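# Quick one, what's the 3D model for this:
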Amino acid sequence: MTEQKHTPEPWHAPGIGEVCDESGRCIGIMIDYANARRVAACVNACAGIRTEALERRVHMLQAGDDEIASLRQQRDQLRAALEAMLEIHGVTQKYADTHIYIPQSWVEVSDIARAALAATEGS
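Below you'll find the predicted structure:
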């Protein structure tokens with residue numbers, strides 16, 4: 001069975017609800033301009049990817065979005081921990097040569113850093 005090929009990219013949406021190929025030939029009509037633009041943008045963004053691969057991976061796109069959100073949250077936690085550590089670095093640095101007890105703020109920031117690191121385990 002021969003696979004039917006779709007119209008080559010780029011596609012565009014020039015009017016009310018039309019989707020057209022590069023030559024301007026209308027290849028589809030949508031209910032409105034917003035949908036036509038979306039279809040054309042999606043087809044152009046997926047240029048070079050087989051349709052079957054896209055059909056198999058639709059569910060993976062959502063999983064990818066969830067993973068990105070989780071990684072961003074972990075990044076933000078780590079950044080906050082590092083910023084807090086750097087903020088009190090100057091305070092603790094002056095005690096380094098005297099072997100004087102490190103202020104409580106260092107312990108608190110260490111707890112923040114440990115929590116941020118724990119959140120990234122297994123990621």
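# could you pull out the strands for the protein?
Counting by DSSP state E, one finds strands in the chain at the ranges 18-20, 26-29.
# In space, what's closest to Ala84 - neighbours in sequence excluded?
Closest residue to Ala84 apart from its sequence neighbours, by Cβ to Cβ, 6 or more residues apart in numbering: Val109 at 4.5 Å. (C-beta placed from N, C-alpha, C; glycine too.)
# In contact with the one you found, which residues?
Ala81, Ala84, Met85, Ile88 (Cβ atoms under 8 Å, 6 or more residues apart in numbering).
# can you rerun that using 7 Å?
Ala84, Met85, Ile88 (Cβ atoms under 7 Å, 6 or more residues apart in numbering).
# how long is stretch 8-19 from one end to the other?
12 Å (Cα to Cα, to the nearest Å).
# And it, how far out from the chain middle?
Stretch 8-19 sits 27 Å away from the centroid of its parent chain (Cα atoms, centre = their mean, to the nearest Å).
# From the centroid of this protein, which residue is nearest?
When the chain is reduced to its mean C-alpha position, the closest residue under Cα atoms, centre = their mean turns out to be Ile68, at 4.6 Å.
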